[in-house]
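Chemist: Sharing a sequence plus its predicted fold:
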Amino acid sequence: MLVTAARAAPPPPPPPPDPNEPAPVSKTGRYSRYELETIRSVEESLGSKLDAVPHGKRVESIEYVALDVIERRDPLPLFLNAVHVTTKDYVLAREMLFRVGDPYVQVMVDETARNLRALPPLSLVLIVPLRGSKEDTVRVAVITKDIWSLRISWDVLVTPGGLERLLMLPGEINLAGTHQTAQARFFYQPESITLGGRYYVPRLFGSRIAASADANVIVNKGSGNPEGSWASAGIGQPLFSTRTEWAWGVSAGYRHEITRRYVNAAQSAFTSSRVPGASMPFRYRTQTASAEAYAVRSFGWARKFDITAGFEYVQRLYTIFDAPTSDPALVAEFQRTRVPLSDTRSGPYLQLRAYSTDFTRLLDFDTLGLQEDYRTGYDAYLRVQPVATAFGASRTYLSTSGGAQYTVPLGDVLVRAQVEGLVDLRTDQIPDASITTVLHIASPLTPFGRLVFDGRYLDRIRNYLNRTSSLGGESRLRGFPSAYFVGEDVVVGNLEFRTRPVQIASIQLAGAAFYDAAKVTSPGTPENVYQSLGVGFRILFPQLDRTVFRGDLGFPVAPEGLPPGVGPVSFFATFDQAFQTPTL
């Protein structure tokens, strides 16, 4: 079903800012070669040049320039455009935070561009001021490039042991140019296949309300029988701009599945540390159900303060099945050390968030050749939730969580530090407490590329729910098999040199060299630090995505010998950078 929207009048933008109110800071950087080529082409087609001093001039017109998915500079035949629909002008117009006749305010233009870049059907997004017909007017060109929308969106993880993960989403992500999405789902793992579908409407009947629904069944590969399913649905209105005052949402879902740990594309075994030679399959059944409703009141513009009130219900049940009955000590150890504790959390909550709406725009950071937006300054939140058996919870306690982040931009250098914590309080004890700290630093962009460092420390001070983390493989320790290390606490550091891209036609191609170091520990386990070195490639097709596709070749560094099951080299191919700029 295609939900149509009125085209005559897009939703009004948020109220204009008070000229006496301090405005956010919006820093812009350089353009890539690919983007500069685009701007020059648009200048020629519209018969105007960039206006160097547009601020305060009246917006004479807003002109939408939708680039073909396949352009003459792309290495594909142009006739393919005949079977593709680009985004409708009215769909873009409803995202504008300014109108014809308004004064040109760069910070509002930049925010509009950020919102457009967040829309999945678009890759390249540029909003540039052109000289108007008079000295005090400006033409605004909104330049967009749709990705190929009738497509099979996909994600993959290839390991030395073979294919460990393959997600395929055949469908249309821009139905009739409206940004509505209808997709089927095929998700392959070594022991199961998930089949299902999704429908998403970002602007229900032309309003600011978004709605989505998913339904899926999980089939066991060996037997061919269903072994689980999951579904979710949600509807709500987000804070679609820094001037938006209200937001709300309602969602519900469930998930029944078998949780397995895969190492090098094979289900791994749990090996006992106390029973010599004893092992069992690393798997357990997970059943979750959740529902939430919330409302947000947002204050301010450059310095924001949000108050969120809501009610949440989350049930998580974990059970061991098909376990060896001859060795109850092995099963008990697996349950105690690797299986999370079943728990139901239910109750109202209140969250306070204070943050800056300053942004900086960088290049060749997490993607290639396209503008990237990062929040700078402070961001902090505090959430309090009384959980009680009276609300249907399995126990009564006060759940508190919070975090703080500060980001410093120094030209095209970015330094971001984070800390997040959780403390559950009862009158007799602290059942759960954890703290996570993160430091992310990106060096200046040189003619050759930039260095990126990311370090984090997770300490589960109290672990009533028996949570664990896994490490290895495609992300944080690339010389080792995927999910090879499992434990409660994590210390990890990654240093990566990312080269500047080379443009071939419109394709962006870059390389990387990396050093990874990490340890994952639990009480009573050795605290060994493991390391890896390696190289990789990054490639971006702007016709298909904003996300890079990468391949990494990692070599473990183990002076005392390789651990069991670890080979001299590992390789992984998947999407996204191995570690991206963190967010709270």
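Modeler: Arrived safely.
Chemist: Domain parsing of this protein, as residue ranges.
Modeler: Split into domains by automatic domain parsing, the chain comes to 26-146, 148-339, 359-378+410-584.
Chemist: buried set for the top helix by length along the chain?
Modeler: Across the chain, the helix with the greatest residue count (assigned by DSSP state H) is helix 33-46. Of the residues in helix 33-46, those buried by neighbour count under the rule 16 or more other CB atoms under 10 Å are 34-35, 38-39, 41-43. (Each C-beta comes from the backbone N, C-alpha and C, glycine too.)
Chemist: what about the helices in the stretch 451-584 of the chain?
Modeler: Counting by DSSP state H, counting those that start in this stretch, one finds no helices in the stretch 451-584 of the chain.
Chemist: Residue ranges in it under the pLDDT threshold?
Modeler: For the stretch 451-584 of the chain, applying pLDDT under 70 flags the ranges 524-526.
Chemist: can you map out the strands along the stretch 451-584 of the chain?
Modeler: Using DSSP state E, counting those that start in this stretch, the strands found in the stretch 451-584 of the chain span residues 469-471, 485-487, 489-499, 502-504, 507-521, 530-540, 549-557, 570-575.
Chemist: counting contacts, what elements does the second one pack onto?
Modeler: Packed against strand 485-487 by the contact rule (3 or more CB pairs under 8 Å, 6 or more residues apart in numbering; DSSP states H and E) you find strand 469-471, strand 507-521.
Chemist: What strands flank that strand, and is each parallel or antiparallel?
Modeler: Strand 485-487 sits in its sheet next to strand 469-471 (antiparallel), going by DSSP bridges.
Chemist: which residue sits closest to Thr112, ignoring its sequence neighbours?
Modeler: Using CB to CB, 6 or more residues apart in numbering and skipping the chain neighbours, the partner closest in space to Thr112 is Leu97 (4.7 Å).
Chemist: what's the neighbour count on the one you found?
Modeler: Using other CB atoms under 10 Å, Leu97 has 23 other residues around it.
Chemist: doesn't Arg114 make contact with it?
Modeler: No: at 10.0 Å, Leu97 does not count as touching Arg114 under the criterion of CB atoms under 8 Å.
Chemist: helix or strand right after the host helix or strand of Gly310?
Modeler: Using DSSP states H and E, Gly310 maps to strand 303-319. Using DSSP H and E, the helix or strand that directly follows strand 303-319 along the chain is helix 328-337.
Chemist: ok, back up a step: mean neighbour count for the helices and strands packed on strand 485-487 - can I get that in CSV?
Modeler: Shown next, in CSV, are the helices and strands packed on strand 485-487 (neighbours: other CB atoms under 10 Å):
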stretch, mean neighbour count
strand 469-471, 19
strand 507-521, 20
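Chemist: Could I get these in a markdown table, plus columns for distance to Gly222?
Modeler: Formatted as a markdown table, the helices and strands packed on strand 485-487 follow (distance: least, CB to CB, whole Å):
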| stretch | distance to Gly222 |
| --- | --- |
| strand 469-471 | 24 |
| strand 507-521 | 30 |
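Chemist: list the helices and strands the longest helix of the chain packs on?
Modeler: Judged by 3+ CB pairs under 8 Å, 6+ apart, the packing partners of helix 33-46 are strand 58-67, strand 122-131, strand 137-146.
Chemist: Please enumerate residues in contact with that helix?
Modeler: Helix 33-46 has contacts (CB atoms under 8 Å, 6 or more residues apart in numbering) with 31, 49-50, 63, 65, 67, 73, 124, 126, 128, 130, 139, 141, 143, 145, 369-371, 503, 506, 508, 542.
Chemist: Narrow those to just the buried residues.
Modeler: Taking 16+ other CB under 10 Å as the criterion, what is buried in those is 31, 63, 65, 67, 124, 126, 128, 130, 139, 141, 143, 145, 369-371, 503, 506, 508, 542.
Chemist: Sketch out the low-pLDDT regions of the stretch 201-350 of the chain for me.
Modeler: Along the stretch 201-350 of the chain, segments meeting pLDDT under 70 span 323-326.
Chemist: mind listing the strands in it by residue range?
Modeler: In the stretch 201-350 of the chain, the strands defined using DSSP E, counting those that start in this stretch lie at 210-220, 226-237, 246-260, 262-263, 266-267, 269-271, 279-281, 283-299, 303-319, 343-356.
Chemist: Make CSV out of those strands and add distance to Ser470 and mean neighbour count.
Modeler: CSV is the format used below for those (distance: least, CB to CB, whole Å; neighbours: other CB atoms under 10 Å):
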stretch, distance to Ser470, mean neighbour count
strand 210-220, 20, 17
strand 226-237, 20, 16
strand 246-260, 11, 16
strand 262-263, 9, 23
strand 266-267, 14, 16
strand 269-271, 13, 17
strand 279-281, 16, 17
strand 283-299, 14, 17
strand 303-319, 16, 16
strand 343-356, 20, 18
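Chemist: in the stretch 1-150 of the chain, what spans have low per-residue confidence?
Modeler: In the stretch 1-150 of the chain (pLDDT under 70), the answer is 1-19.
Chemist: if we go to 50?
Modeler: 1-8 (pLDDT under 50).
Chemist: Surely Asp358 is in contact with Tyr378?
Modeler: No: using CB under 8 Å, Asp358 is not in contact with Tyr378, being 9.4 Å away.
Chemist: Who has more neighbours out of the two?
Modeler: A side-by-side neighbour count of Asp358 and Tyr378, using other CB under 10 Å, places Asp358 first with 20 against 14.
Chemist: Let me know the distance separating that one from Pro542.
Modeler: Distance check for Asp358 against Pro542: by CB to CB, to the nearest Å, it reads 28 Å.
Chemist: Show me where the stretch 51-200 of the chain has its helices.
Modeler: Remark: helices assigned in the stretch 51-200 of the chain by DSSP H, counting those that start in this stretch are 89-93, 106-117.
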